[in-house]
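# Just a sequence and a predicted model for now, questions to come.
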Amino acid sequence: MQETKYIWRNGKLVLWADATIHVLTHTLHYGSGSFEGIRIYKTKTGSAIFRLEEHIDRLIFSASTINMKIPYSKEQLMDAVKEVVIVNELEEGYIRPLVFSGYGELGIHSSHHNPVEVSIACWPWGAYHSDSSLDIKTSSYIRLHPKSTVVEAKICGHYVNSLLAVLEIQGTKYHEVLMLDCDGFVSEGSSVNIFIVKDGIIYTPQLGTILSGITRDFVIKLAQDLGYNMVEKQILPQELYDADEAFFAGTAAEIAYIRSVDDKIIGKDGHHPIANKIKDQYKKTVHGENLAYHSYLTQLNTNSSQLDLISEEAI
């Protein structure tokens, strides 16, 4: 990870190395927090954050599912994201807001006694997967059972589930995992949503056992606007094996082609004509070249009044 200079922490900018916590911080022990991953891209008119408002909405929702009231408004959080990006002079990269239960009392029932803290970091980050096309393997771990948690929330503790799945393929030829749901249907990857293409129709797992991905939501709209029939349904593993194309979508991974699943090559000759159109339009959108989706971008201009957000006293 390439460090930047400042992290926004509880309303102030602090040096990267000074953004520390106590070892008895509640979230460190129990996963009682929520987070987001947000991308910022270069455009011809300056840098722009992709779907900032939607990410902050989900951050607030996720925190609320574990009874955490964030001590900042939606607008304050959005301003803080802009602030930390501008002060770090980050033109393109990744932004990580985190809401967590801080140091106070320890114990599962004690979280309401602890302060709710917020940090926002950002850093340069290129492609999540270095390979252009991925070989994936079905995990022996299922996606979190929908009756065991709020699966639509992006809660810190949920990602132990993903970590266990990824550890299974560590050191192997596989780049990513496929997780099934509790009924044996296709769910998602370790941190990405999945789409398949069959006979010109695009399919993706329906909500209920998956994270309601913000990039997933955009891909669905993009596919429909491009004239494709887009279907959300339960997908059997065999349908994935028999697909003409398959791809992942997520903030970090962006659009990533799937070459094989459980050593079964998807489609013919590794071609992804429909996924490629989706990826092309996605890239044009995030780089400000697709005016139809310009409202999805929060444009930053470091020469504008947005610089007034930054408090020299806080730094």
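On my side now, so go ahead.

# Could I get the full set of helices for the stretch 51-200 of the chain?
With DSSP state H, counting those that start in this stretch, the ranges of helices along the stretch 51-200 of the chain come out as 52-65, 74-87, 159-169.

# list the helices and strands the last one packs on?
The helices and strands touching helix 159-169, judged by 3 or more C-beta pairs under 8 Å, 6 or more residues apart in numbering; DSSP states H and E, are strand 176-180. The C-beta positions use only the backbone N, C-alpha and C, and glycine is treated the same way.

# who does the strand it packs on pair up with?
strand 133-138 (parallel), strand 186-188 (antiparallel) (DSSP bridges).

# Burial check on S62, number of neighbours?
23 (other C-beta atoms under 10 Å).

# Offset the numbering so it begins at 721, please.
Will do, 721 is the new start, and the previous item becomes S782.

# Is it correct that it is in contact with I875?
Yes. S782 is in contact with I875 according to C-beta atoms under 8 Å; the separation is 5.8 Å.

# okay, and the common contacts of those two?
Counting by C-beta atoms under 8 Å, 6 or more residues apart in numbering, the contacts common to S782 and I875 are S754.

# what are the ranges of the strands in the stretch 721-870 of the chain?
Using DSSP state E, counting those that start in this stretch, the strands found in the stretch 721-870 of the chain span residues 726-729, 732-735, 753-755, 758-763, 766-770, 813-821, 836-843, 853-858.

# Looking at these, which is nearest to K1003?
Closest to K1003 of those is strand 758-763 (C-beta to C-beta; 8.9 Å).

# residues in contact with the closest one?
By C-beta under 8 Å, 6+ apart, strand 758-763 touches 767-772, 775, 801, 805, 810-817, 842, 971-972, 974, 1006-1009, 1017, 1019-1020.

# Quick check on these: which are buried?
767-772, 775, 801, 805, 810, 812-815, 817, 842, 971-972, 974, 1006-1008, 1017, 1020 (16 or more other C-beta atoms under 10 Å).

# which residues of the protein score low on pLDDT?
Counting by pLDDT under 70, the chain shows low-confidence ranges at 830-831, 1022-1035.

# can we see that at 50?
Applying pLDDT under 50 to the chain flags residues 1024-1027, 1030-1035.

# Quick one: closest of the strands paired with strand 896-900 to H749.
Set against H749 and scored by C-beta to C-beta, the strands paired with strand 896-900 come closest in strand 906-908, at 26.8 Å.

# got the contact list for that closest one?
862-863, 898-901, 914, 925, 929-931, 954-957, 959-960.

# Apply 7 Å and report the result again.
Around strand 906-908, the neighbours that count as contacts under C-beta atoms under 7 Å, 6 or more residues apart in numbering are 863, 898-901, 914, 925, 929-931, 955, 957, 960.

# before we move on, what about stretch 1011-1024?
Contacts for stretch 1011-1024 (C-beta under 7 Å, 6+ apart): 765-772, 802, 805-806, 938, 1005, 1008, 1026.

# ok, 6 Å please
Outside stretch 1011-1024, the residues that touch it by C-beta atoms under 6 Å, 6 or more residues apart in numbering are 766-769, 771-772, 806, 1005.

# how close does the residue lying closest to I921 once chain neighbours are set aside sit to V917?
Nearest residue to I921 in three dimensions, chain neighbours excluded: N949, at 4.6 Å (C-beta to C-beta, 6 or more residues apart in numbering). From N949 over to V917 the distance is 10 Å, taken as C-beta to C-beta, to the nearest Å.

# Looking at these two, which has the bigger crowd around it?
V917 (22 against 11).

# got the contact list for that one?
Here V917 is in contact with 964-965, 994 (C-beta under 6 Å, 6+ apart).

# Kindly recompute the last result at 10 Å.
Shown in contact with V917 (C-beta atoms under 10 Å, 6 or more residues apart in numbering): 923, 943, 948, 963-967, 986-987, 992-995, 998.

# Let me see the ranges of the strands in the stretch 921-1035 of the chain.
921-925, 950-953, 965-970, 974-981, 984-985, 1017-1019.

# Out of those strands, flag the one nearest Y792.
Among the strands of the stretch 921-1035 of the chain, the nearest to Y792 by C-beta to C-beta is strand 1017-1019 (17.1 Å).

# strands paired with that closest one, and their directions?
strand 766-770 (antiparallel).

# Contacts for the partner strand, please.
758-762, 775, 798, 801-802, 805-806, 809-813, 815, 842, 934-935, 938, 971, 974, 1002, 1005-1008, 1013-1014, 1016-1024.

# what about the nearest residue to K789 once chain neighbours are set aside, how many neighbours?
If the residues on either side of it in the chain are set aside, K789 comes closest to V836, at 6.4 Å by C-beta to C-beta, 6+ apart. Counted with other C-beta under 10 Å, the neighbours of V836 add up to 22.
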